[in-house]
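A.B. asks: coords please:
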Amino acid sequence: MRYFPIKKRDIYLMLLSVLILSFGICTGLIFFSSLPNNPSETDAINSLAITPKYGINGAIQYFVTNIIACSLLILGLVSFGIPTIFGLFLNGLILGVVIDTKYMEGMNILKIFTGIMTHGILELPALIIAGYIGLKGFSFYFDKNKEWKKNLKLILLITGLLIGAGLIEALITPLLIQ
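C.D. replies: Take a look at the predicted model:
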């Protein structure tokens with residue numbers, strides 16, 4: 001017996017969540033690369049990136065920021081998925097722009113990848129799962145089975161992933177990218 005019975009629709013919504021996030025990342029990479037290199041724009045983009053925070057307080061701040069982002073994605077469950085689409089795209093766009101900005105500033109691609117993936121290995125799946133829940137808003141009002149128990153378990157999983165991501169981002173990532 002599976003822990004979560006997977007329906008075909010679930011697979012499609014999970015893939016749609018991945019595609020929207022990926023489209024945002026690609027758009028951020030391509031769009032920002034095509035702009036003229038203007039130092040004031042680079043400074044503006046860098047101001048969008050979260051200032052690195054360290055220690056337990058940093059982990060708490062990262063967790064709170066990420067739980068708010070995931071909550072906004074989940075909000076699509078009761079609003080026909082609209083905030084979820086925008087939220088996934090925007091998160092991807094910001095990630096793509098930050099990657100491109102760091103690369104244009106001369107940061108090694110391996111260092112960029114290390115800086116993102118050490119905590120992103122937990123944070124990105126949390127965003128994708130939150131997006132999946134939010135995208136269920138397309139059919140939420142028409143489904144007889146609202147799957148509250150399944151959604152609650154997924155929200156608990158997201159919370160656990162984000163706690164781990166926050167701890168890694170504040171305590172381990174800074175050591176790896178020095």
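A.B. asks: going forward, measure contacts and count neighbours with C-alpha atoms only.
C.D. replies: Fine.
A.B. asks: Tell me which helix or strand residue 69 sits in.
C.D. replies: helix 55-74 (DSSP states H and E).
A.B. asks: Give me the residues contacting the helix or strand just after that helix.
C.D. replies: Per DSSP H and E, the first helix or strand lying C-terminal to helix 55-74 is helix 82-104. With Cα atoms under 8 Å, 6 or more residues apart in numbering as the test, helix 82-104 has contacts from 17, 20-29, 32-33, 42, 45-46, 49, 69, 72-76, 109, 112, 127, 131, 134-135.
A.B. asks: Going by neighbour count, which residues in the next helix or strand after helix 82-104 are buried?
C.D. replies: Per DSSP H and E, the first helix or strand lying C-terminal to helix 82-104 is helix 109-135. Residues 112, 114-120, 122-135 are the ones in helix 109-135 that count as buried (16 or more other Cα atoms under 10 Å).
A.B. asks: Report the contact partners of the spatially closest residue to residue 84 that is not a sequence neighbour.
C.D. replies: If the residues on either side of it in the chain are set aside, residue 84 comes closest to residue 73, at 4.3 Å by Cα to Cα, 6 or more residues apart in numbering. Taking Cα under 8 Å, 6+ apart, we find residue 73 in contact with 83, 84, 85, 87, 88, 127, 130, 131, 133, 134.
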